[in-house]
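Trainee: Here's my sequence, what's the structure:
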Amino acid sequence: MGYSQAERRNSASTGVLSDTAAHNLSSLSFRALASARSCTSPEETSSDNLLHKINQSFMRKIPPKAEASNILVGEVDYLDKIVLSFVRLTNSCSLGDLTEVAVPTRFLFILLGPVGHALKYHEIGRAMATLLSDEVFHGVAYKAKNRTDLLAGVDEFLDATTVLPPGVWDPRTRIEPPTQTASQEARKKIPEPNKETKFDTCASETSSDHVEMWACNGGFFSGLVADVRRKLPWYISDVKDSLSVQSISSIVFLYFACIAQIITFGGLLAKVTKNKMASLECLFAALLCGVSYSLFSGQPLTLLGNTGPVLAFESVVFEMCERYELDFLPMRVWIGLWTFIYLFLFVAFNLASLVRYITRFTEEIFATLVSSYFIYKAFKNVLEIANEFPLMTRNSPFYPMCVCLSPSPNYTIMSETECQTLRGISAPDGCSYTPPKYIPNVFLMSVILFIGTFGLILLVRHIKRTPYFTTKFRTLISDFAVMIAVIAMTVLDVCMGLGTPKLEVPQSFKPSSSDREWLVPFFGNNPWWTAIVATLPALLLTMLVFMDQQITTLIVNRKENKLKKGCGYHLDLFIIACLIAICSIFGLPWFVAATILSMTHVNSLKKFNLPSAPGEKRHFLGVRYDNPSSLKMNFIIGLQVTVEPSCKISMH
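Mentor: Numbers count the residues shown, from 1 in each chain. Got it, this is the predicted structure:
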């Protein structure tokens with residue numbers, strides 16, 4: 001049985017019947033034809049739907065005003081040759097439980113033949129079902145007036161069909177259904193004689209869907225003005241989209257992903273800058289930058305965060321200041337202000353549109369490098385636990401290779417600290433060996449938590465593809481896979497009580513360094529000429545921020561994500577420029593678009609069609625826009641400093 005989506009025709013139409021033994025058809029007993037005696041409109045035959053259980057999942061997939069085509073084949077012992085008929089009813093009507101769902105029938109294909117050729121008849125029925133599933137043949141079947149018109153439709157179908165020879169393709173290998181159906185508009189057009197077919201080779205992200213976003217009239221800030229006009233009509237729909245359950249799961253998922261990254265980068269930043277900036281400053285920057293960017297940016301699906309290139313730039317600037325005996329934070333203020341000026345000029349002259357010349361190859365290389373860096377850091381953080389809490393092997397010393405000469409004869413072998421407490425002297429001279437801190441199973445437990453979290457996320461995500469439970473329940477569990485895995489592994493860690501290392505979140509809202517305030521002076525102890533020298537490193541930071549921000553936004557705005565609300569490259573760059581200036585004045589880390597977090601955010605908000613027809617893949621519908629949800633997530637992260645006691649997150 002195949003079905004087609006078409007409106008009912010009110011004009012009279014006749015059935016096309018083969019003239020071979022047509023009188024024999026009237027004497028045959030078909031349940032479908034018997035039901036056709038009382039053929040009425042679908043509204044008047046609601047009682048017929050009770051004859052069989054309707055497949056509601058399949059029914060939701062069928063578009064409105066659809067009509068069915070029933071194919072009936074069989075073999076009888078009183079026929080010597082095949083008798084077939086293709087019937088088109090004047091008005092579609094319900095034929096009881098002949099169809100799997102309550103869809104009115106418009107076409108009937110009936111084939112009867114002698115006994116012994118059932119498989120052949122079955123294949124003919126399959127071929128006819130394939131014909132009736134073709135969009136172009138639909139129009140032919142509705143408008144055909146005789147057998148010649150139908151044969152012309154069959155010939156057109158065969159001309160457009162791709163045939164796989166049996167010698168090069170295994171018939172047992174099934175081809176997966178396509179994720180997207182190709183358009184048939186070209187087949188509906190009448191081909192012009194003596195004219196070659198031209199293919200559209202210019203269909204790309206920058207030539208079709210993204211033409212409008214690059215359109216500028218050449219004036220100052222024309223790109224920024226166009227971005228603002230493009231985003232204003234969508235703010236109300238953004239609020240509505242944030243009320244869905246999928247948005248809530250996205251908030252929970254991103255919270256665990258972002259808070260761990262922010263605090264981890266805060267610890268690295270504290271080591272690089274000697275505690276001038278640490279985890280507290282990163283949390284404050286997440287609150288300020290995340291909320292501001294979610295409210296005013298052109299592409300709220302992009303998430304801001306600490307990035308490896310910016311962290312490397314911070315370390316280079318700090319080492320330069322240490323070498324020339326300059327104050328780091330005042331020097332950093334001028335670098336940030338000059339960066340704001342450079343980016344402001346980029347926006348004024350519409351230079352943000354230069355990102356359209358970045359190819360897909362560059363995007364993939366950039367995303368691969370960032371992904372590889374995070375994978376490397378994940379394994380490195382776990383292996384570093386072995387340095388602080390090493391495994392105690394058979395050859396590991398239990399005591400230091402020193403002797404403590406203490407006043408009491410009862411103590412001779414101990415650590416240097418214990419020896420000094422008892423006013424003893426370590427022997428031999430210069431002995432300062434301190435034994436390693438052996439805590440049983442800490443490193444092994446950290447490895448178990450690391451592997452268990454990753455494995456549990458994959459397992460829960462896979463539930464969506466299993467046949468268990470309902471579709472909505474499987475989707476709900478899959479959306480909260482990260483939260484379920486983190487909670488489960490945290491409970492396991494608490495129950496074991498082995499003291500695995502944690503990431504400490506600050507409890508009080510004050511700068512990490514006691515010798516600084518929230519507002520950083522413009523010069524401090526630095527000479528006036530540092531404001532001019534800062535122009536060179538600011539130029540390097542500008543190029544770094546431009547590439548990091550624009551490439552990440554370009555990845556989010558890919559054509560396959562099916563974004564419907566546009567984007568705003570100029571507006572995003574302007575918001576980032578303002579945030580860099582503000583963060584520099586307050587001594588906060590610079591936040592730019594984080595590639596991995598942004599891609600994860602987009603993937604967590606993808607929408608697919610729930611009801612699926614048998615054998616059909618789920619179709620990707622698009623991405624749910626979610627700037628209020630990212631706003632809530634960043635606001636929760638910023639308020640983390642007020643949580644008492646401090647939140648401890650396992651380092652696995």
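Trainee: buried ones in stretch 313-320?
Mentor: Neighbour counts over stretch 313-320 (16 or more other C-beta atoms under 10 Å) mark 313, 314, 317, 318 as buried. Where you see a C-beta, it was placed from the backbone N, CA and C, and this is true even at glycine.
Trainee: Let me see the contact set for the second one.
Mentor: With contact taken as C-beta atoms under 8 Å, 6 or more residues apart in numbering, residue 314 is in contact with 269, 272, 273, 277, 589, 590.
Trainee: cool, and residue 551?
Mentor: Residue 551 sits next to 355, 358, 362, 363, 366, 595 when contact means C-beta under 8 Å, 6+ apart.
Trainee: Just read off the phi/psi values of it.
Mentor: phi -70, psi -40 (degrees, to the nearest 10).
Trainee: how is this protein carved up into domains?
Mentor: 59-160, 237-392+507-609+617-648, 440-498 (the TED database).
Trainee: Tell me which of those lies nearest to residue 176.
Mentor: domain 237-392+507-609+617-648 (7.0 Å; C-beta to C-beta).
Trainee: State the mean pLDDT of that closest one.
Mentor: In this model, domain 237-392+507-609+617-648 has an average pLDDT of 80.
Trainee: ok, so of the contacts of residue 551, who is nearest residue 493?
Mentor: residue 595 (29.7 Å).
Trainee: Next up, the contacts around that closest one.
Mentor: Per C-beta under 8 Å, 6+ apart, neighbours of residue 595: 307, 366, 367, 370, 371, 548, 551, 552, 555.
Trainee: Which of the residues you listed are buried? Put it as a PyMOL command.
Mentor: Applying 16+ other C-beta under 10 Å to the contacts of residue 595, the buried members can be selected in PyMOL as follows:
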select buried, resi 307+366+367+370+548+551+552+555
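Trainee: Out of the buried residues of stretch 313-320, which sit inside helices?
Mentor: 313, 314, 317, 318 (DSSP state H).
Trainee: if we can go back for a sec, among the contacts of residue 314, which are located in helices?
Mentor: Per DSSP H, the subset of the contacts of residue 314 in helices is 269, 272.
Trainee: Can I get the contacts of residue 314 in JSON lines including neighbour count and distance to residue 449?
Mentor: Shown next, in JSON lines, are the contacts of residue 314 (neighbours: other C-beta atoms under 10 Å; distance: C-beta to C-beta, whole Å):
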{"residue": "269", "neighbour count": "24", "distance to residue 449": "25"}
{"residue": "272", "neighbour count": "18", "distance to residue 449": "27"}
{"residue": "273", "neighbour count": "23", "distance to residue 449": "30"}
{"residue": "277", "neighbour count": "28", "distance to residue 449": "29"}
{"residue": "589", "neighbour count": "24", "distance to residue 449": "28"}
{"residue": "590", "neighbour count": "25", "distance to residue 449": "32"}
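Trainee: Redo the contacts of residue 314 as CSV? Include distance to residue 538.
Mentor: Formatted as CSV, those follow (distance: C-beta to C-beta, whole Å):
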residue, distance to residue 538
269, 19
272, 19
273, 18
277, 18
589, 16
590, 11
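Trainee: If we go by neighbour counts, what in stretch 446-462 is buried?
Mentor: Using 16+ other C-beta under 10 Å as the burial criterion, the residues of stretch 446-462 that qualify are 446, 448, 449, 450, 452, 453, 456, 457, 460.
Trainee: can you tell me the helix or strand for the second one?
Mentor: The secondary structure element spanning residue 448 is helix 442-462 (assigned by DSSP states H and E).
Trainee: Extract the CA atoms of that helix and return them as PDB.
Mentor: This file holds the C-alpha atoms of helix 442-462, laid out as PDB (Å, rounded to 0.1, in the frame of the first residue of the first chain):
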ATOM      1  CA  VAL A 442      42.800   7.600  44.800                       C
ATOM      2  CA  PHE A 443      44.400   7.500  41.300                       C
ATOM      3  CA  LEU A 444      42.600   4.300  40.300                       C
ATOM      4  CA  MET A 445      39.300   5.700  41.600                       C
ATOM      5  CA  SER A 446      39.800   8.800  39.500                       C
ATOM      6  CA  VAL A 447      40.400   6.700  36.400                       C
ATOM      7  CA  ILE A 448      37.200   4.700  37.100                       C
ATOM      8  CA  LEU A 449      35.300   8.000  37.500                       C
ATOM      9  CA  PHE A 450      36.800   9.300  34.300                       C
ATOM     10  CA  ILE A 451      36.000   6.300  32.200                       C
ATOM     11  CA  GLY A 452      32.700   5.600  33.900                       C
ATOM     12  CA  THR A 453      31.300   9.100  33.200                       C
ATOM     13  CA  PHE A 454      32.200   8.900  29.500                       C
ATOM     14  CA  GLY A 455      30.900   5.400  29.200                       C
ATOM     15  CA  LEU A 456      27.600   6.100  31.000                       C
ATOM     16  CA  ILE A 457      27.000   9.200  28.800                       C
ATOM     17  CA  LEU A 458      27.300   7.000  25.700                       C
ATOM     18  CA  LEU A 459      25.100   4.300  27.200                       C
ATOM     19  CA  VAL A 460      22.300   6.700  28.200                       C
ATOM     20  CA  ARG A 461      22.600   8.500  24.800                       C
ATOM     21  CA  HIS A 462      22.100   5.200  23.100                       C
END
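Trainee: what's that helix packed up against?
Mentor: Identification of packing neighbours for helix 442-462 by 3 or more C-beta pairs under 8 Å, 6 or more residues apart in numbering; DSSP states H and E yields helix 360-388, helix 471-479, helix 481-496.
Trainee: I'd like these laid out as JSON lines, including distance to residue 169.
Mentor: Shown next, in JSON lines, are the helices and strands packed on helix 442-462 (distance: least, C-beta to C-beta, whole Å):
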{"stretch": "helix 360-388", "distance to residue 169": "31"}
{"stretch": "helix 471-479", "distance to residue 169": "33"}
{"stretch": "helix 481-496", "distance to residue 169": "38"}
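Trainee: Please identify which of those is closest to residue 128.
Mentor: Here helix 471-479 is closest among these (C-beta to C-beta), at 32.1 Å.
Trainee: what about the nearest residue to residue 89 once chain neighbours are set aside, which helix or strand?
Mentor: Of all residues not flanking residue 89 in the chain, residue 106 sits nearest, at 5.7 Å (C-beta to C-beta, 6 or more residues apart in numbering). Using DSSP H and E, residue 106 maps to strand 105-113.
Trainee: swap in residue 68?
Mentor: With DSSP H and E as the test, residue 68 turns up in strand 66-75.
Trainee: by how many degrees do whichever helix or strand comes after that strand and strand 66-75 diverge?
Mentor: As assigned by DSSP H and E, the chain's next helix or strand after strand 66-75 is strand 83-93. Strand 83-93 runs at 150 degrees relative to strand 66-75, counting by axes from the mean of the first three to the mean of the last three C-alpha atoms, to 10 degrees.
Trainee: Going by neighbour count, list what's buried in strand 83-93.
Mentor: Of the residues in strand 83-93, those buried (16+ other C-beta under 10 Å) are 83, 84, 85, 86, 87, 88, 89, 92, 93.
Trainee: ok and that strand relative to strand 105-113, angle-wise?
Mentor: Using the same axes, to 10 degrees: strand 83-93 against strand 105-113 is 160 degrees.
Trainee: all strands for the chain, in order.
Mentor: With DSSP state E as the criterion, the chain has strands at 2-5, 66-75, 83-93, 105-113, 304-305, 403-405, 425-427, 502-504, 592-593, 606-608, 620-623, 648-650.
Trainee: what would those strands look like in a markdown table with distance to residue 151?
Mentor: Converted to a markdown table, the strands of the chain look like this (distance: least, C-beta to C-beta, whole Å):
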| stretch | distance to residue 151 |
| --- | --- |
| strand 2-5 | 19 |
| strand 66-75 | 18 |
| strand 83-93 | 11 |
| strand 105-113 | 15 |
| strand 304-305 | 63 |
| strand 403-405 | 106 |
| strand 425-427 | 104 |
| strand 502-504 | 73 |
| strand 592-593 | 59 |
| strand 606-608 | 40 |
| strand 620-623 | 38 |
| strand 648-650 | 71 |
